[in-house]
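Novice: Please find the sequence and the predicted model below.
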Amino acid sequence: MTTNKLLRRLEALEKGSGSAERIVLLMPDGHSETLPGHDAVSLLGRALGGDLTPEMELIARSVNSTEPDGAHMIDLARALLNSPTETAAGSR
C-alpha cells in the first residue's frame, strides 16, 4: 500500500469518527478492560506522540483488542508503544 493511499484512508477514518465507540482490550491475565468514549485514530495519534497516560499504559500492556468495525488501530498503537526506543548516539 502506498503512503498516499494510507494517508487518505486515515483521513477518511478521522472524518468518520464523529461518534467514539467502545474499545475492548484483552489483558495478559485474561481479563478485559474497556476504553469507552475513545476513538482509535486519536489513540493511535497519541501513541505516535509518545503520550504516557493511563489509557496508553493499558494499551501497551494489552495482548489483543476489539475495535468497532474490526479495525486494527489499537494494534498499531500497541506496536508503537512497545517498540524499542532509540538510544543516544554512541551509547550501547
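Specialist: Sure thing, it's come through. Numbers count the residues shown, from 1 in each chain.
Novice: to the chain's geometric centre, what's the distance from the helix ranked longest in the chain?
Specialist: For the chain, the helix with the greatest residue count under DSSP state H is helix 3-15. Its chain's C-alpha centre and that of helix 3-15 lie 16 Å apart, by C-alpha atoms, centre = their mean, to the nearest Å.
Novice: For that helix, name the packing helices and strands.
Specialist: Judged by 3 or more C-beta pairs under 8 Å, 6 or more residues apart in numbering; DSSP states H and E, helix 3-15 is in contact with helix 40-48. For the C-beta atoms, the positions are set from N, CA and C on the backbone; glycine is no exception.
Novice: Which residues belonging to the following helix or strand past the helix it packs on are considered buried?
Specialist: Toward the C-terminus, helix 40-48 is succeeded by helix 54-61 as the next helix or strand (DSSP states H and E). Across helix 54-61, burial judged by 16 or more other C-beta atoms under 10 Å covers E55, M56, L58, I59.
Novice: Next up, the contacts around the third one.
Specialist: The neighbours of L58, taking C-beta atoms under 8 Å, 6 or more residues apart in numbering as the test, are L25, E33, L35.
Novice: same thing with V24?
Specialist: Applying C-beta under 8 Å, 6+ apart, we find V24 in contact with S32, E33, T34, L35, S65, T66.
Novice: Need the buried ones from these selected in PyMOL.
Specialist: The PyMOL selection below is limited to those of the contacts of V24 classed as buried (16+ other C-beta under 10 Å):
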select buried, resi 35+65
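Novice: Nice, that's everything, thank you.
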